[in-house]
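**Student:** sequence and predicted structure below; questions after.
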Amino acid sequence: MMTTDNAFKEYPDIVSVKQLQEMLHIGKNRALELLRRNEISCIRIGYTFKIPKVNVIEFLNRNAIGN
């Protein structure tokens, strides 16, 4: 199981859509779909998404094979 202590240390606590794409190795459309469907919780300010890194880790833990 990933934790905030051992995952994505090189990223800040709040990441952008571009950083989310890098973290998950996905395209922009898929990243925006995950955010709009609230599969990864985020804060939306105007057209900008602010994504807590811990929410990305929780998403990965929820969707890990074998869970």
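**Tutor:** That came through fine. Everything numeric in this text was worked out from a predicted model, so none of it was measured. Numbering: from 1, shown residues only.
**Student:** grab the most central residue of the chain for me.
**Tutor:** residue 56 (3.2 Å; C-alpha atoms, centre = their mean).
**Student:** ok, now which ones touch that residue?
**Tutor:** Listed by C-beta atoms under 8 Å, 6 or more residues apart in numbering, the contact set of residue 56 reads 8, 15, 20, 23-24, 40. No exception for glycine: its C-beta is placed from N, CA and C like everyone else's.
**Student:** out of those residues, which is most surrounded?
**Tutor:** residue 20 (25 neighbours; other C-beta atoms under 10 Å).
**Student:** for it, which non-adjacent residue is closest in space?
**Tutor:** Closest residue to residue 20 apart from its sequence neighbours, by C-beta to C-beta, 6 or more residues apart in numbering: residue 31 at 5.0 Å.
**Student:** now do the one you found, the pLDDT please.
**Tutor:** We have a pLDDT of 98 for residue 31.
**Student:** tell me which residues of the strand or helix carrying it are tucked away?
**Tutor:** Following DSSP states H and E, one finds residue 31 within helix 28-36. By neighbour count with 16 or more other C-beta atoms under 10 Å, helix 28-36 contains the buried residues 31, 34-35.
**Student:** from these, pick the one nearest residue 1.
**Tutor:** Using C-beta to C-beta, residue 34 is the member of the buried residues of helix 28-36 that lies nearest residue 1, at 19.9 Å.
**Student:** so that closest one is in contact with residue 40, correct?
**Tutor:** Yes - Residue 34 lies in contact with residue 40 (C-beta atoms under 8 Å); the separation is 4.9 Å.
**Student:** who touches both of those two?
**Tutor:** Residues touching both residue 34 and residue 40 (C-beta under 8 Å, 6+ apart) are 20, 59.
**Student:** on that earlier part again, is it true that the residue nearest to the centre of the chain lies in a strand?
**Tutor:** No - applying DSSP: H, G, I helix; E, B strand; the rest coil, one finds residue 56 to be helix, outside a strand.
**Student:** now do the same for it: its pLDDT.
**Tutor:** Confidence at residue 56, expressed as pLDDT, is 96.
**Student:** ok so, going back, next secondary structure after the helix holding residue 31?
**Tutor:** Assigned by DSSP H and E, the successor of helix 28-36 is strand 43-45.
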